[in-house]
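Participant: Compute the structure for the input listed below.
(one chain, ligands or ions: 3)
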Amino acid sequence: MGILDNVNNVSDLKKLSNAELDKLAQEIRKFMITHVSKTGGHLAPSLGVVELTLALHQVFNSPQDKIIWDVGHQAYTHKIITGRKEKFSSLRQYKGLSGFPKLAESEHDCFNTGHSSTSISAALGMAKARDLKGDKYKVIAVIGDGALTGGMAFEALNHAGDLKTDLIVVLNDNEMSIAANVGAMAGYLSRLRTDPRYGKGKDEIEQLLNKIPKVGPRLLKTAERVKDSVKYLVVPGMLFEEMGFTYLGPIDGHHIPAMKSVFESAKKMKGPVLIHVLTRKGKGFKPAECNPDRFHGVGPFDIQTGNVIKTEAPPTYTEVFGDALIELAEQQENIVAVTAAMPAGTGLAKFAKKFPQRFFDVGIAEQHAVTFACGLAAQGFHPVVAIYSTFMQRAYDQLLHDVAMQKLPVVLALDRAGLVGEDGETHHGIFDISYLRHIPNLVVMAPKDENELRGMLAWATKHSGPCALRYPRGPGVGVELKDGFLPVHLGRGEVVKEGKDVTIIGVGPLVYDALAAAHQLEQKGIEAAVINPRFIKPLDSGLLVRYAKKTRRVVTMEEHVLAGGFGSSCLELFNKYCPGIEIDRIGLPDTFVEHGAPDLLKQHYGITADGIVERVLARFPEKADFMKKGAK
Ligand SMILES: Cc1ncc(C[n+]2csc(CCOP(=O)(O)OP(=O)(O)O)c2C)c(N)n1
Ligand SMILES: CC(=O)[C@@H](O)[C@H](O)COP(=O)(O)O
Ligand SMILES: [Mg+2]
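Facilitator: Ligands and ions are numbered 1, 2, ... in the order given. The predicted model follows:
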């Protein structure tokens, strides 16, 4: 019987000694590794904060005290010790535990996270609400060094320093974002971490400086300036102190007694406090310690070897994108690539190695990434900004105000467009058609397969204005990759199959589901035409209207919300040019889609060939009867 067996909630944790907490940490690591090796998940981030989480929950009193986990991908220990140990085997599975904090899951999850850099803003809002109500609870934001590169975090630090309300920010510094952390802040933290001078008795320095004899105002001013610059040199965390925070640290984030003692001190302090904690991402599992980037978000793996369990699959759209961009960049010197802290996830890692001067990782800063690219474009470069569909939501105004209004030749590569699966509602890329297609001057494309992705990227890097490409997470459809680049013509779609009874339009790879549906319908005597629109904007209006008029029935299908999606654009088109068409739109309803395997989610929402067949048959009741009579 281990200690973890008797820890079913935070109250059980409070009874444990430091030695028992250390033992519990080991048991939690073993428990976590065992489960995540089966479910996959954010193992390295969570392994890195086991002791930190235990110390936090011993010193503070969740749920009265509010603990907000930035991104929330590191909250597995938090979940395990707040009553969700038994459900942990369902992590990230459909109808199982989420991989991120969820209010709906537990009172200890006081704020939903998933997108980076929101924790300090939310914590500050909660702290201010507490003050206004005269409450006394503590509010703690736990933010990583990567998330601290997000502009929103600085906005919140700036505001917190001004409000001076009681707030605790725990900076979990493991020198890693997904890849190694980048930026000047990372450099500053590194100096705080490594320079022996830092951490010298801050009081000694203050006493020494205060010994400077009281002199006339002019000399006093100089003395103050000297004092401040000397403080910058030897007093750690001056940057945060200057922003109104009391800086505590750096402390060992795997030493529970040290953290508990600092947390206890911070509890008593007035105003905003920043506690700088040093941790090792992936601690306790050698493969993750050695490859914290690979184990940042990992699929099921072999515990003995750390090898991810590979399944035979075609190259991913991400890999096809990355390789194609390298081919294009070899021909076009003005191509540069920008990522927001996700070189590997967006397929740009190889590009970065091959063209280090033409690659920019800006940190978790999507807004800056887009407008930084505009600066490059304004001076003759052709930037390709690779950002997941869901994270591109952060840069909406930059797309509109900086890219489109100026008609700058910026290529927006929206990876993870569609249902991403286990990351769930905060990560599905199901809103981009709606937030892109109404932006003037912007071309929006959706390739049906790997060759079209290559062709569209080639076209985009030669297009004189802004354009966006949206493609899904995971393996391609497995077509044979062609040399060269498929020719693409602005605003032109493709007839994949002729038919006279109904027109089925599938967006992106869904055109293959449309084709499968058409073949099923053929068995039932219904001849369906299949269209690959290729362009979300500008639509191939001539083609779509021609087939709508010809078949009088249209079914559209997209891995995207219906509101403002591709189907909506067809509604608008047909309403104008061929009113009276029967149109069925298949897509996602007005709700946030939960986590689960993508195919399961598609099945649930009818985004499948069968879903199309069902819709079409509903328009042919006689055929449906024909079906019912047992005809095959
Ligand atoms: C707005 C946004 N952009 C990108 C991501 C993808 N992402 C998730 S975690 C992460 C790195 C976080 O680094 P850090 O905060 O240091 O946490 P660690 O994984 O090191 O514990 C990134 C880039 C995100 N979740 N949100
Ligand atoms: C926590 C986070 O936002 C990222 O780690 C994200 O989960 C990566 O998604 P992919 O696994 O699709 O690259
Ligand atoms: Mg980090």
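Participant: Only C-alpha atoms from now on, for both contacts and neighbour counts.
Facilitator: Fine.
Participant: okay, now the domains of the protein?
Facilitator: What automatic domain parsing lists as the domains of the chain is 4-195+238-290, 200-235, 317-470, 495-631.
Participant: The ones you listed: lowest mean pLDDT?
Facilitator: Comparing mean pLDDT across those, the lowest value falls on domain 200-235: a mean of 61.
Participant: Up against ligand 2, what does the protein have?
Facilitator: The chain has residues 73, 114, 297, 345, 423 near ligand 2, with proximity defined as C-alpha under 6 Å from any ligand atom.
Participant: hmm, 5 Å instead?
Facilitator: Counting by C-alpha under 5 Å from any ligand atom, the residues of the chain lying close to ligand 2 are residue 345.
Participant: which parts of the chain sit against ligand 3?
Facilitator: Taking C-alpha under 5 Å from the ion as the test, the list of the chain residues beside ligand 3 reads 144, 145, 146, 174, 176, 177.
Participant: top of the residues you listed by neighbour count?
Facilitator: Taking other C-alpha atoms under 10 Å to define a neighbour, the member of the residues of the chain next to ligand 3 with the most is residue 146, carrying 27 neighbours.
Participant: so how far is ligand 1 from residue 128?
Facilitator: As judged by C-alpha to the nearest ligand atom, to the nearest Å, residue 128 and ligand 1 stand 24 Å apart.
Participant: part of a helix, is that residue?
Facilitator: Yes - assignment of residue 128 by DSSP: H, G, I helix; E, B strand; the rest coil places it within a helix.
Participant: ok now do the residue nearest to it when sequence neighbours are not counted, which residues does it touch?
Facilitator: With sequence-adjacent residues excluded and distances taken as C-alpha to C-alpha, 6 or more residues apart in numbering, residue 128 is closest to residue 165, at 6.9 Å. Taking C-alpha atoms under 8 Å, 6 or more residues apart in numbering as the definition of contact, the neighbours of residue 165 are 124, 127, 128, 131, 270, 271, 272.
Participant: three-state assignment of residue 165?
Facilitator: coil.
Participant: number of nearby residues for the nearest residue to residue 335 once chain neighbours are set aside?
Facilitator: Leaving aside its sequence neighbours, residue 335 sits nearest to residue 382 (C-alpha to C-alpha, 6+ apart; 4.7 Å). Taking other C-alpha under 10 Å as the criterion, the count of residues near residue 382 is 29.
Participant: Ramachandran angles for residue 382?
Facilitator: In this entry, residue 382 is assigned phi and psi values of phi -120, psi 90 (degrees, to the nearest 10).
Participant: For it, give me its contacts.
Facilitator: Remark: with contacts taken as C-alpha under 8 Å, 6+ apart, residue 382 is in contact with 334, 335, 336, 376, 409, 410, 411, 461.
Participant: one step back: how about the domains of the chain in JSON lines, adding distance to residue 302?
Facilitator: Formatted as JSON lines, the entries for the domains of the chain read as follows, by distance: least, C-alpha to C-alpha, whole Å:
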{"stretch": "domain 4-195+238-290", "distance to residue 302": "7"}
{"stretch": "domain 200-235", "distance to residue 302": "45"}
{"stretch": "domain 317-470", "distance to residue 302": "20"}
{"stretch": "domain 495-631", "distance to residue 302": "20"}
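Participant: and the closest residue to ligand 1 within the stretch 151-300 of the chain, what is it in contact with?
Facilitator: Closest approach of the stretch 151-300 of the chain to ligand 1 (C-alpha to the nearest ligand atom) occurs at residue 177, with a separation of 3.4 Å. Going by C-alpha under 8 Å, 6+ apart, residue 177 touches 144, 145, 146, 147, 341.
Participant: now, the most widely separated pair of these?
Facilitator: The largest separation in the contacts of residue 177, counting by C-alpha to C-alpha, is between 144 and 341 at 13.0 Å.
Participant: Of the residues of the chain next to ligand 3, just say which sits nearest to residue 453.
Facilitator: The shortest separation between residue 453 and any of those is 28.4 Å, and it belongs to residue 177 (by C-alpha to C-alpha).
Participant: quick one, phi psi at the closest one?
Facilitator: Backbone torsions of residue 177, given as degrees, to the nearest 10, read phi -100, psi -120.
Participant: Tell me which residue in the stretch 501-632 of the chain sits closest to ligand 1.
Facilitator: Counting by C-alpha to the nearest ligand atom, the stretch 501-632 of the chain gets nearest ligand 1 through residue 595, at 15.1 Å.
Participant: Is that residue part of a helix or strand, or is it coil?
Facilitator: When classified by three-state DSSP, residue 595 comes out as coil.
Participant: Which residue is the nearest non-sequential neighbour of it?
Facilitator: With C-alpha to C-alpha, 6+ apart as the measure, residue 424 is the residue that lies nearest to residue 595, at 3.5 Å, once sequence neighbours are left out.
Participant: ok, which residues in this structure are in contact with ligand 1?
Facilitator: Taking C-alpha under 5 Å from any ligand atom as the test, the list of the chain residues beside ligand 1 reads 45, 115, 116, 144, 145, 146, 147, 176, 177, 178, 341.
Participant: Against residue 259, how distant is the fourth one?
Facilitator: The spacing between residue 144 and residue 259, counted by C-alpha to C-alpha, to the nearest Å, is 16 Å.
Participant: The third one too?
Facilitator: Residue 116 sits at a distance of 24 Å from residue 259 (criterion: C-alpha to C-alpha).
Participant: just residue 546 next, same as before
Facilitator: Residue 546 sits 69 Å away from residue 259, taking C-alpha to C-alpha as the criterion.
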